[in-house]
Structures are given as structure tokens and as C-alpha cells.
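Asker: Build the 3D model from these lines:
(4 chains)
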Protein chains: 2
Amino acid sequence: MTITDGLGRRPGGRSARVRAAVRAATLSELAEKGYAALTVDGVAARSGVHKTTVYRRWGGVEGLIADALEMASEEPWPIPDTGSAEEDLRALTRLVVTGFTDPDDGPVSAAFIAAAMQDSAAAVALAGFFASRHEQAARIVTRAVARGELPAGTDPAEVVRAAVAPIYYRLFVSREPVDAAVADRAANAALAAARAGALG
Amino acid sequence: MTITDGLGRRPGGRSARVRAAVRAATLSELAEKGYAALTVDGVAARSGVHKTTVYRRWGGVEGLIADALEMASEEPWPIPDTGSAEEDLRALTRLVVTGFTDPDDGPVSAAFIAAAMQDSAAAVALAGFFASRHEQAARIVTRAVARGELPAGTDPAEVVRAAVAPIYYRLFVSREPVDAAVADRAANAALAAARAGALG
DNA sequence: ATCCTAACGCAACACAAGTTGCGATAAGTC
DNA sequence: GACTTATCGCAACTTGTGTTGCGTTAGGAT
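Answerer: Got it, this is the predicted structure:
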């Protein structure tokens, strides 16, 4: 299950090509067929890399997800900066909604959540991913506090959590439909709670 | 994957015993080993029912979960009624937290969420389960509105969602630790948002 | 240019998951 | 009590997943 993450003794050349091919194949397979249908044989066939190699370097399906997740957490998130906390939070929650309703990215994002349910390595990778996301999105709140829109002592990450949590809750827990209106309501509720000083 | 849910042509006698034995074995296996280790062979061996029978009636692991979930959604939820919305919501969120941190019930509850990620039948069953939960917990809010604690026009289910969502978010999405303090903060934030009229 | 060996490809294997055909058992009906 | 058939137990089979041993290829160092 340990991934020789490019820091192995031979990071360049063929090994790098193999890794890139497998990563790309994993994302393609996830986008097309979803997590439930993701198999090692599938990504091996698509990537042109042999099945045994994938098992050896990634350990299995969960390892593939963890690797793709690590890659995803490295790329930055386009955090909005409109000048008002209300607009910023709405844009943020809408970004989350579209990230899961998009026919291409949606299945991939959902796969990350699903994989973490079954494998501890994927769970750790997911925790890192969201820690990065919270850190990036916290700037929305710190700016709002600096402008005086929100009370001093407000916990930035907690506002972000309150804003996005209802969306994830509907998507993966209560299994209710999600759209832009849901995003706006979640953003407004988080903002109202923060203004009341309930998120300090 | 279709479960002959006691409404089959022979609901009594042996069939009923088989179903009860399999259901009990499923819950025991989940509590002990968790969802990742739940196998049809395992519940078959524990229940004394043959593997083939389980496959025929439940279809597989996901069917077992869906059946157990259906059973769980029938039994009522001890909704608190302390006289104040603040206390009620706090008790509710703490109930959710203990439901997942309890070493016996926790793995079972988590298994329901995990199963819905992979199987559509389990997803439908989970949606029904939470619809029932929302309906029951909504009374906390309707009572609070009747008492004048919360503004008229407040959406009861939306308050419940806002209160419990951060807990599920931490447990299954951002993978952050959860305790009673988290429960209290989530309840307070939902209450503040509702008082501000952001959950109408 | 040559050597060393990490990393890969390949085939065969081991194991668990799920299926099928058939005979045996016991509900439900008369 | 006798009959019909839904349901279950059983064993053999098929399929998919993951493993192992070994030969081959190609980085990286000298």
C-alpha cells in the first residue's frame, strides 16, 4: 500500500512515464465508469502498464485513489475575492456544487469520498486534501474579519465548514438533490451564524 | 438485488426465521469487523443460513445493508423535548455524535453511509432513512416556532440539516475528529442562522 | 561505453466472490 | 392428512482479484 511517490531511487524516465500514465488512466476510468467499477485491470489496460506493476507500486484500487488525491490536493483552488463575504461564500458553495454535479469531475470527486470509507490510506489522503482546502478558503473569512464584516475572533475554517457541510450532507448522507439554490442557502446560513458570533 | 421483504408468498415459518437470523448476523458482523470486512460468506456462516440463500434473497453485501437499513429506519428516534430549542438541538447533535463514536453502533452507522456510496439500492434506502429522521427531528423546530423562539416561516428540516451536517462532514468528508464540543457548536450555529431568518 | 540493479513485463498460480442445476424440506391450501 | 410449490441446502462450476517467480528492460553511476 506504500506508494513510491516519485521519491524512489529512480524517479525519472520510465518510472515517471508509468506513473503519469497510470494517474491519467485512473482519472479517465473514474470519470467514465465511477468508483464502483474502477478495477486495477481496467487502469492497467488503459494505461498500457502491466497489471502486476500497478499492484506492486500502488497496492490496489485504494492506492490509485490515494495517489490521484495527493495530486489533486497539490493544485490550487480558485478562491473567489469579490470584496464582500456574502458574495465570496456564495461563489465558494456554488463551486463545490458544480464540482460534484459536473459530469466529468463529479464522479471523480465522489470517488475520493467513497474510497476514504474503505481504506485508511485514502482517508488520510482525503484529510490532507480538505485541510488544504480549508486553509485556502479561510482567506475569505480573514478578509471579511479585517473589513469588519464579521466579528473578531471568528474561526475562519469553521465558517467554511458550516458553509460547505450541508452540500456534502445532501450529496452523500441524506441523498437529497443539490443545486445552486442549496448552495446559496448554505452560504447565507453560515454567514448569519458567523455574524451572530456563533462560529468563534 | 430485489429483496423479498417479508411480503413474499411465504412470509412465515422458515423464511421469517432465515430473514431474522441473517439480519442479526449482518449487524453483528458489521459491529465487529466493519463494512470493509463484511462478506456474504461471513454472515452466512454466522447465521447458519447457506451462502446461496443469502445471494438469492439479498443479492449480495449491499442488499444486506439495504435490508438492515430498512429495519433501522422503522424504529423511532428518541427526539429530545426539553422546552428550549437550544437544549433540544444540542441534545440532538450529541445524539448524532454518540451514534457514530459508540464502539458498537458506530461501525454499523458508518457502514450505511459507505454502502450507499457503491450501491444504488442502499442509496435509496439511506435516503428513506434520513427522510424519516428529518421528519421526526423537525418537531423540535416546529415547537420552537410555536413558542416564538424562532421566526415564523422557518424551514424545520433545513434547521435539522444545518445542525447535523457539520458532524457528518467532519466524520466522512474532511475526516476531522468529532466530540461533544463539535456537537454543541454545530447546534449553536444552526440556531443562530435560524434566529436570523436564514433558514426559511 | 560499460556495468549494476531497480523497475517492469509476463505467465502461471492461488484464492475469494458469485453462479447454476438439482434434490430436499417445509409453508400454505384443499 | 395429502398435495403443491416456494424456499432452502448442497456441491460443482465460472469468474474476477490479487500473488509469486523469473526473465527482460532501461535508469543512473563509474
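Asker: Spit out the contact partners of the residue lying closest to residue A:198 once chain neighbours are set aside.
Answerer: In space, and not counting its chain neighbours, residue A:198 is closest to residue B:192: 3.8 Å by C-beta to C-beta, 6 or more residues apart in numbering or on different chains. (Glycine included, C-beta is placed from N, CA and C.) Shown in contact with residue B:192 (C-beta atoms under 8 Å, 6 or more residues apart in numbering or on different chains): A:192, A:193, A:196, A:197, A:198.
Asker: Check residue A:69 too.
Answerer: A:112, A:115, A:122, A:125, A:126, A:128, A:129 are the contacts of residue A:69 under C-beta under 8 Å, 6+ apart.
Asker: cool, residue A:187 as well?
Answerer: A:86, A:89, A:90, A:92, A:93, A:163.
Asker: In helices, which of those appear?
Answerer: Among those, the members falling in helices are A:86, A:89, A:90, A:92, A:93, A:163 (criterion: DSSP state H).
Asker: mind giving me the domain split of chain A?
Answerer: Domains of chain A are assigned by automatic domain parsing as A:13-73, A:85-195.
Asker: DNA strand D is nearest to which of these?
Answerer: DNA strand D lies closest, by C-beta to the nearest atom of the strand, to one member of these: domain A:13-73, at 2.5 Å.
Asker: Report whether the expected contact of residue A:46 with residue A:27 is present.
Answerer: No - taking C-beta atoms under 8 Å as the definition, residue A:46 is not a contact partner of residue A:27, at 10.4 Å.
Asker: any idea how far residue A:89 is from the spatially most distant residue from the centre of chain A?
Answerer: Outermost residue of chain A with respect to the C-alpha centroid, by C-alpha atoms, centre = their mean, is residue A:148; its distance is 30.2 Å. According to C-beta to C-beta, to the nearest Å, residue A:148 stands 16 Å off from residue A:89.
Asker: show me where chain A has strands.
Answerer: Read by DSSP state E, chain A holds no strands at all.
Asker: all helices of it, in order?
Answerer: A:14-33, A:40-47, A:51-58, A:61-74, A:85-101, A:105-118, A:120-147, A:156-168, A:180-195.
Asker: looking at those helices, which is buried most?
Answerer: helix A:156-168 (a mean of 26; mean count of other C-beta atoms under 10 Å in any protein chain shown).
Asker: What helices and strands are in contact with that one?
Answerer: If you count contacts as 3 or more C-beta pairs under 8 Å, 6 or more residues apart in numbering or on different chains; DSSP states H and E, helix A:156-168 packs onto helix A:85-101, helix A:120-147, helix A:180-195, helix B:156-168.
Asker: roughly how far out does it sit from the chain middle?
Answerer: 14 Å (C-alpha atoms, centre = their mean, to the nearest Å).
Asker: Helix A:120-147 and that one, what's the angle between them?
Answerer: Relative orientation of helix A:156-168 versus helix A:120-147 (axes from the mean of the first three to the mean of the last three C-alpha atoms, to 10 degrees): 120 degrees.
Asker: So what angle separates the directions of helix A:156-168 and helix A:85-101?
Answerer: Using the same axes, to 10 degrees: helix A:156-168 against helix A:85-101 is 40 degrees.
Asker: can you list the residues of chain A near DNA strand D?
Answerer: A:10-14, A:39-41, A:51-52, A:55-56, A:59-61 (C-beta under 7 Å from any atom of the strand).
Asker: And those, which two are furthest apart?
Answerer: A:12 and A:39 (28.9 Å; C-beta to C-beta).
Asker: can I get the helices of chain A in a markdown table with mean pLDDT and distance to residue B:72?
Answerer: Output for these, formatted as a markdown table (pLDDT from 0 to 100; distance: least, C-beta to C-beta, whole Å):
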| stretch | mean pLDDT | distance to residue B:72 |
| --- | --- | --- |
| helix A:14-33 | 92 | 30 |
| helix A:40-47 | 95 | 34 |
| helix A:51-58 | 95 | 36 |
| helix A:61-74 | 90 | 27 |
| helix A:85-101 | 97 | 26 |
| helix A:105-118 | 93 | 18 |
| helix A:120-147 | 95 | 24 |
| helix A:156-168 | 98 | 22 |
| helix A:180-195 | 98 | 26 |
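Asker: closest to residue B:144 out of those helices?
Answerer: Of the helices of chain A, nearest to residue B:144 by C-beta to C-beta is helix A:180-195, at 16.2 Å.
Asker: between that closest one and helix A:156-168, how big is the angle?
Answerer: 150 degrees.
Asker: to the chain's geometric centre, what's the distance from helix A:180-195?
Answerer: 20 Å.
Asker: CA atoms only for that helix, dumped as PDB, please.
Answerer: Below are the C-alpha coordinates for helix A:180-195, written out as PDB (Å, rounded to 0.1, in the frame of the first residue of the first chain):
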ATOM      1  CA  ALA A 180     -27.400  26.400  -6.900                       C
ATOM      2  CA  ALA A 181     -30.300  27.400  -4.500                       C
ATOM      3  CA  VAL A 182     -29.000  24.900  -2.000                       C
ATOM      4  CA  ALA A 183     -25.600  26.400  -2.300                       C
ATOM      5  CA  ASP A 184     -26.900  29.900  -1.700                       C
ATOM      6  CA  ARG A 185     -28.900  28.900   1.300                       C
ATOM      7  CA  ALA A 186     -25.900  27.200   2.900                       C
ATOM      8  CA  ALA A 187     -23.700  30.200   2.300                       C
ATOM      9  CA  ASN A 188     -26.300  32.500   3.800                       C
ATOM     10  CA  ALA A 189     -26.800  30.300   6.900                       C
ATOM     11  CA  ALA A 190     -23.100  30.100   7.500                       C
ATOM     12  CA  LEU A 191     -22.800  33.900   7.200                       C
ATOM     13  CA  ALA A 192     -25.700  34.500   9.600                       C
ATOM     14  CA  ALA A 193     -24.200  32.200  12.200                       C
ATOM     15  CA  ALA A 194     -20.800  33.900  11.800                       C
ATOM     16  CA  ARG A 195     -22.300  37.400  12.200                       C
END
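Asker: on that earlier part again, dump the helices and strands packed on helix A:156-168 to TSV, plus distance to residue B:183.
Answerer: Formatted as TSV, the helices and strands packed on helix A:156-168 follow (distance: least, C-beta to C-beta, whole Å):
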stretch	distance to residue B:183
helix A:85-101	23
helix A:120-147	19
helix A:180-195	15
helix B:156-168	6
